[in-house]
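In: My questions are about this predicted structure, shown below with the sequence.
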Amino acid sequence: MTRPGPASHRIRGMEPGDLPAVCAIAATCGVGLGSDASFKALLPRYEVFVAALENGQIAGFAAAAPLSVLAGEADGDGSEGCFWIGALAVDPAHRRHGLGTALLGAVTARANWFFCRALGLSDAREANAIRFAERHRFLAVDPENWTPALRKQISAQCPDGASLGERRLLIRWL
C-alpha cells in the first residue's frame, strides 16, 4: 500500500480562527501546550506559523521567537543570536509530506530576519523528533554547555515532575 502524495499547502501566519485546530494538533502530538488557554498565553511571546492545506485544514504549526524575547534577561546571558522553536508539530495523518520541513523553513527565514545565528529547540528524546532533527542538521548540546538563558528556557518547557535530564537541547547553526 502506498501513501497518498502531499496535498498542496501554504505556510502562513496563524489567524484567530486557527486556534482550535492548532490546539488539537498540539494535543495529538503531545507537544505539551495542553489547552487553548495555555496556548493563548504563549501567543504574545511567540510567532506562530501554520501549514494550511488547499482545503483550508490546518495540518501543522510552529511557534518560535528570539530567545532574548523569551528569556527576558540582560545581555550576556547567552540568549543573543538564538531563535527558539517552542513547538513544531504536524498532524500524524499528514506527516512525511514535507510540512515539517516547510514550517522549519518559515522559522529559519524569520530567524534570519532577526539576524540570528542559530535555531534552538528542546525535545523529550522522542524517536520522530530525533529523526527530524538529525535530517535537518540539528546537533545535541551537552548540558554543561547550556547558557543560563537556554537552561531557563528548557526548564520552563519541562512538564511538572520531569527533570532536565529527560530533555535535550538541539542547535542548528544558520
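Out: Right, received. Where do you want to start?

In: which helix is the longest one in the protein?
Out: Determined from DSSP state H, the single longest helix within the chain is helix 99-113.

In: Report all helices and strands that that helix contacts.
Out: Identification of packing neighbours for helix 99-113 by 3 or more CB pairs under 8 Å, 6 or more residues apart in numbering; DSSP states H and E yields strand 9-13, strand 47-53, strand 58-66, strand 82-90, strand 118-123. The C-beta positions use only the backbone N, C-alpha and C, and glycine is treated the same way.

In: Tabulate the CA atom coordinates of the fourth one in PDB.
Out: It refers to strand 82-90. Coordinates of the C-alpha atoms in strand 82-90 are reproduced here as PDB (Å, rounded to 0.1, in the frame of the first residue of the first chain):
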ATOM      1  CA  CYS A  82      19.300  32.200  19.000                       C
ATOM      2  CA  PHE A  83      15.800  31.800  17.600                       C
ATOM      3  CA  TRP A  84      13.900  29.400  19.900                       C
ATOM      4  CA  ILE A  85      11.400  26.900  18.500                       C
ATOM      5  CA  GLY A  86       8.900  26.400  21.300                       C
ATOM      6  CA  ALA A  87       6.800  23.800  19.300                       C
ATOM      7  CA  LEU A  88       6.800  22.300  15.900                       C
ATOM      8  CA  ALA A  89       4.100  19.700  15.200                       C
ATOM      9  CA  VAL A  90       2.400  18.100  12.200                       C
END
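
In: tell me which residues of that strand are tucked away?
Out: 82-90 (16 or more other CB atoms under 10 Å).

In: for those residues, which one is nearest C29?
Out: Compare each of the buried residues of strand 82-90 with C29 using CB to CB and the shortest gap goes to A89, at 3.9 Å.

In: Need the pLDDT of the closest one.
Out: At A89 the predicted local distance difference test score is 91.

In: I'd like to check which residues are in contact with it.
Out: Going by CB atoms under 8 Å, 6 or more residues apart in numbering, A89 touches 25-26, 28-29, 31, 60-62.

In: Bridging across strands, which residues link to it?
Out: Taking DSSP bridges as the rule, A89 bridges to F61.
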